[in-house]
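turn this into a model:
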Amino acid sequence: MTTITIGTAQREGTAGLIADAAATYTSDATGRTAVALVDGMGHDPGIVRLAPMLAETAARVGAGRGALAGLLSAGLLAADPGPDGVGVLAVLREDGSAELVWAGDCRAYRWHDGQLVQLTTDHNLAAYLTEAARGAGTVPVSALADYVGVTLGLATVATAPFVSVPAGGALILTSDGVHDQVTVEVIEGLVREHQGDLQALADALVAAAVTTAEGYRDDATAVVLPLAPAADGPGLSPAVAMHLGRMAVTAQGLPTSVRARVEDAIDGAIRGGGEPAVLALMDLLLATAVDAGS
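This next block holds a predicted model:
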């Protein structure tokens, strides 16, 4: 199983005990790694205790069952009246891409080829009104950002967006204590400066969150994870592609259980590409014919 290096940093705000939490989990069954970031609402003891549970649940279920299942499972812990929070969950796939879901105003950015792209949309009143303004500008009343429309406890299949993130680059998860108090220009500058060191980047993002004129600073959490570059296979020549087509036709005459194995192997050869994959498939077909004739 491949070890993935992930940068994580947190800094407690000025309002009380930290209610942000982050968790990482790799499933032995699927081999996938899930990373969850949760921002608890408020700072009372209930949410301070619950936030790490929400993050751990999202990561553990997400790694085994997928991103949406992970997020909604975490939401079940906050479904009863009481403490709640917002969160974002990323599940890394085998090919270097990722599944991404969120509820609330935690964010995810992708850094790739020198560009920083925000992948999420905040579920708060400020974002809704900005979208409704249709290019007229960002809603200037920052207090509207506190009115969150979708929380983990309220998330459903219909209200939790899903994004498929391409392989390559890095994925950056932040709580609003980072992106509400650090401009996107500063975030991009820090990414450029520290892109070779994920832990240094997470530390820098959290440290960049400034205290307001009123002396307030929110809890700040940043998680940075690599997206492995897409594998570039040697490709299939036209002749090899034709051979695969003939093999697929041949497989139709095989017993059902054997045909399924051959079809899976054909799919793997197409995805992986190259002559070695086709030769391995031919060996499988040969062994299948021998077994059938014995």
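
buried stuff in stretch 203-210?
Judged by neighbour count (16 or more other CB atoms under 10 Å), stretch 203-210 contains these buried residues: 203, 204, 205, 206, 208, 209. In this view, the C-beta of every residue, glycine as well, is placed from N, C-alpha and C.

how about residue 100, what does it touch?
67, 88-91, 108, 119-120, 162-165, 171 (CB atoms under 8 Å, 6 or more residues apart in numbering).

same thing but 7 Å
67, 90, 108, 119, 163, 165 (CB atoms under 7 Å, 6 or more residues apart in numbering).

and the gap between the first one and residue 179?
So the one you mean is residue 67. 21 Å (CB to CB, to the nearest Å).

more crowded one of these two?
Counted by other CB atoms under 10 Å, residue 67 and residue 179 do not tie: residue 67 has more neighbours, with 27 against 23.

who are the contact partners of the more buried one?
89, 91, 99, 100, 101, 162.

so which of the residues you listed wins on neighbours?
residue 89 (35 neighbours).

thought that residue was touching residue 103?
No - Residue 89 is beyond contact range of residue 103, at 9.1 Å (criterion: CB atoms under 7 Å).

what is the mean pLDDT for stretch 93-112?
The average pLDDT within stretch 93-112 is 93.

buried stuff in that stretch?
93, 96-112.

and the helices in this protein, which stretches?
Assigned by DSSP state H, the helices in the chain fall at 45-65, 67-77, 125-133, 176-179, 184-194, 198-207, 238-251, 256-272, 275-293.

so what sits against both of residue 89 and residue 103?
Common neighbours of residue 89 and residue 103 (CB under 7 Å, 6+ apart) are residue 71.

just the ones in strands from the contacts of residue 67, please.
Using DSSP state E, the members of these that fall in strands are 89, 91, 99, 100, 101, 162.

between these, which sits nearest residue 193?
residue 100 (24.6 Å; CB to CB).

state the distance from that closest one to residue 161.
In terms of CB to CB, residue 100 sits 8 Å off from residue 161.

how about the contacts made by the nearest residue in space to residue 44 that is not next to it in sequence?
Distances taken as CB to CB, 6 or more residues apart in numbering place residue 83 nearest to residue 44, at 7.2 Å, with adjacent residues excluded. With contact set as CB under 7 Å, 6+ apart, residue 83 has these partners: 40, 46, 47, 50.

with that, I have no additional questions.
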